[in-house]
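Chemist: pasting the sequence and the predicted model now:
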Amino acid sequence: MLLYKNDWLEAKGLFEAFWEGEINEPLLQVYAPHDEWPPYDGWDFCRHPDQPEIAIKSFENWCSKTIFGGLAYPNLWINFGPGILAAFLGSAPIFTEQTMWFGSQSQRGTLTLREITELEIGTANVWWNRVVKATRVAVETHAGKFVVGMTDIGGVLDIIASLRGTTEVLKDMYRDSSLLKAAISHVTEIWHECYETFHKIMRDGGHEGTSAWMGLWSPRTWYPLQCDISYMLSPAKFDEFVKPHLEEQCARLDHPVYHWDGPGQLVHARSLLELEFSAIQWVPGAREELSGNDCGSPKWFDVYKRVLSAGKALVLSLPPWRVKGFIKAFPNARVMIQTWVSSSDQARELLAIQKKTIS
């Protein structure tokens, strides 16, 4: 039991069964307000990087007004932006109120590949110390109330693009492929060093299991893996520069999940589905969603069938009006559905569907 979620023990049991493949019906995470939601957008760690207590207080205020239905749970994600490892390695972050930007994806970076292969996380790095402090403070105050979600470390090649520049990384694939591979291998090791440090802080502080920005909980180690830059790559280049480090990361985590972001990555389906991901999170992208092709659109059903046939679970964020039709289309699929509704009545209506599927 948690202060903000009375049925947490039941939810944990369902999460465990989900990861182990013991439930082959859709599961729901439903968020709704008790009455009116207080403002909370998750960026207070960035607004007040040296005062994590402010972010935690804001989060708890939001939790007190929120219904966490089904497998939804109060997840205090230590949000310092997507790919904070780039800042740990020297990239200067820029906060724009709604996101944090890192480095020089759109311009040429200042680091050579050789320099990247020699980088280390310095204990004097201000962003490293801020995230370590925020994680410790959150873990110290979480007990009996909420779950702590690990910070967004980022995708290995995306981090290199932050340090080097996206265009330069693409050129490196042709002009210095061996050194780029060495940089990828080195950053992969640093990535796992980061993960293990934060995981140890959480474990030593009495935190049970792991969580992250995607809003899933596991009793073991899990994390969202990604490579957003891969939408620019051919299948051959993906197999050469991305697939090997994803394969290694899958081997080093108990429940790896791939954040499959946008139709531009569909060309890599064969390679991705050969990897040992426990689940795939499909995100169609803003352009498709604005065209009506959100995650619940039949446009993606063949993609989902392919993922499920490969033995992976799915993680999908659906608008509430899509949920019933999706469950009807995939009644026996291992899918985690995440949705937000505007009232407790709507939440109960959707959760009644889930109860029918797992009864």
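Modeler: That came through fine. Bear in mind the structure is a predicted one, so any value in this text is a computation, not a measurement.

Chemist: quick check: which ranges of the stretch 1-150 of the chain have low pLDDT?
Modeler: Applying pLDDT under 70 to the stretch 1-150 of the chain flags the ranges 104-107.

Chemist: mind doing that once more with 80?
Modeler: 39, 103-109 (pLDDT under 80).

Chemist: what's the following helix or strand after the helix or strand where residue 303 lies?
Modeler: Using DSSP states H and E, residue 303 maps to helix 301-309. On the C-terminal side of helix 301-309, the closest following helix or strand by DSSP H and E is strand 313-317.

Chemist: list the buried residues for the helix holding residue 303?
Modeler: By 16 or more other CB atoms under 10 Å, the buried positions in helix 301-309 come out as 303, 304, 307, 308. The C-beta positions use only the backbone N, C-alpha and C, and glycine is treated the same way.

Chemist: want to throw those into JSON lines with distance to residue 103?
Modeler: JSON lines is the format used below for these (distance: CB to CB, whole Å):
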{"residue": "303", "distance to residue 103": "31"}
{"residue": "304", "distance to residue 103": "34"}
{"residue": "307", "distance to residue 103": "32"}
{"residue": "308", "distance to residue 103": "37"}
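
Chemist: circling back: just checking, what packs against the helix holding residue 303?
Modeler: helix 269-274, strand 279-283, strand 313-317 (3 or more CB pairs under 8 Å, 6 or more residues apart in numbering; DSSP states H and E).

Chemist: quick one, which of those gets closest to residue 222.
Modeler: strand 279-283 (9.0 Å; CB to CB).

Chemist: okay, and the closest residue to residue 188 other than its chain neighbours sits in which element?
Modeler: Once flanking residues are discounted, residue 188 sits nearest to residue 245: 4.8 Å by CB to CB, 6 or more residues apart in numbering. Element membership of residue 245 [criterion: DSSP H and E] is helix 243-252.

Chemist: next helix or strand past that helix?
Modeler: strand 255-261.

Chemist: list the buried ones in the top helix by length along the chain?
Modeler: Longest helix in the chain, counting residues (DSSP state H): helix 177-204. By 16+ other CB under 10 Å, the buried positions in helix 177-204 come out as 180-181, 183-184, 186-188, 190-192, 194-195, 198-199, 201-202.
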